[in-house]
Structure formats: C-alpha cells, structure tokens
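Asks: Predicted model, plus sequence, below.
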Amino acid sequence: MDSSSPEQPASARSAAHSTFAASVAGDPTKDGSPDEIYRHFAPLLRRIAIAKFNIAPAEAQVLVHDIFITYLSNPGSVRGELRPYFVGAICNASRNYWRKRLREQSLFSGIDESYGCAELGDDVFADLGDQLDAARILATLGERCREALLRCYRDRQETSDIAAALGTSCGNVYYILHACRKRARALYDDLTRVRV
C-alpha cells in the first residue's frame, strides 16, 4: 500500500485497536478500549501499590497513571495477557519509588541544622550516581553555596573555618548552609523527577 494513501492512518488506528482487543482476551474488558482497560486494572494496581508496598494513595495514583501512559504509548509491546504485565509494572514502579526515596534519604540524612559539618559520616556521596547528581547540583548552585557546601561536606571544615573563608560569622554560615541545602534538595528533586 502506498504510504501516502489516506487509508494508512485508519488502518494503523484499526491495528492499534485490535492490539488492545487481542491483549485483553479473557478479561472483562472485552471491547479493549483504553478507558475500559484503565477502569478494570487501575483499582488493582492502586491496591497493590498501597497495600503491598505501603505507598501513599496520591503517590500510588501517580505511579498507576505513569504505567498506563507507558502502556498506551505502545500497546503492541505487550506480549500475552495484560494482567501480568500491569501487575509486574506496578511492582517495578513501586520498588523504583522506594529506591528513589531511600536514595534521597541517604543523600540528605545525618544533616543536623544545629551543629557544624564534622558530624557527617564518610558515605554522604559514596555512590557514583550520587556523585554525578551532586556534581550537577553543585554546578547549578551559585559560587557561594557551592563553596560553603564543599567546605562543609567534602573538606569537613569546622564552621569557624568556613566563616573565615567566606568572610562572615558562624551564625551566618548556619543560615547559608541551611538555604543552600534547601536549594540543593529542590534541584535534586527536579533532577530525579520521572518525566513521561
């Protein structure tokens, strides 16, 4: 068939609909429409994310939507039945959700706002992925924030030494570190946000 023929888009739509219909054979979603598939599987996926993986309902809903967007962008990629595909997808998405949360916690844990920097352990940026993320974040921060954070976490300098290097008071160093950590967290969240 000629690629410029007007029937091509209609046949492509028909093939996609047949893929939907064929992929749900044996399910109550007989017509195979995307809406029916969503209505059938979304509650199950939310229950799995909430009950099995202890994910907050709002976050579980986001994961379910991401899974359906991925599926709807290429329904032909599913081989076999939809139920195992969706159950596997929500389990993987839930595990990735917790990996990301644990990674964030390890990246910013142990930071006590009331003390200096020397109390932090050696594993703040131990992982290579964390080091790359930290490098991207530091490159985005301003020079003063970058210098304060590097002196605190990389060089393990005392607050008085950082204050002397920045030409400010110890009390102001605490404020600078607090503000810079807050900006770094926001940049990290933006950097690691899943884009669809």
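Replies: Sure thing, it's come through.
Asks: Give the buried residues for the longest helix belonging to the chain.
Replies: Across the chain, the helix with the greatest residue count (assigned by DSSP state H) is helix 82-108. If you call a residue buried by 16 or more other Cβ atoms under 10 Å, then helix 82-108 has these buried ones: L82, Y85, F86, A89, I90, A93, S94, Y97, R103, L107. All C-beta atoms are positioned from the backbone trio N, CA, C, and that covers glycine.
Asks: Would you mind giving the domain segments of the protein?
Replies: Domain ranges of the chain: 12-102, 110-192, per automatic domain parsing.
Asks: would you list these in TSV and tack on mean pLDDT?
Replies: What follows is the domains of the chain, written out as TSV (pLDDT from 0 to 100):
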stretch	mean pLDDT
domain 12-102	80
domain 110-192	77
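Asks: Hmm, K100 is touching D189, no?
Replies: No. Using Cβ atoms under 8 Å, K100 is not in contact with D189, being 9.9 Å away.
Asks: Now do the helices in this protein.
Replies: 7-23, 34-47, 57-73, 82-108, 128-140, 143-149, 159-166, 170-192.
Asks: and S73, how far is that from R136?
Replies: For S73, the distance to R136 equals 27 Å [Cβ to Cβ, to the nearest Å].
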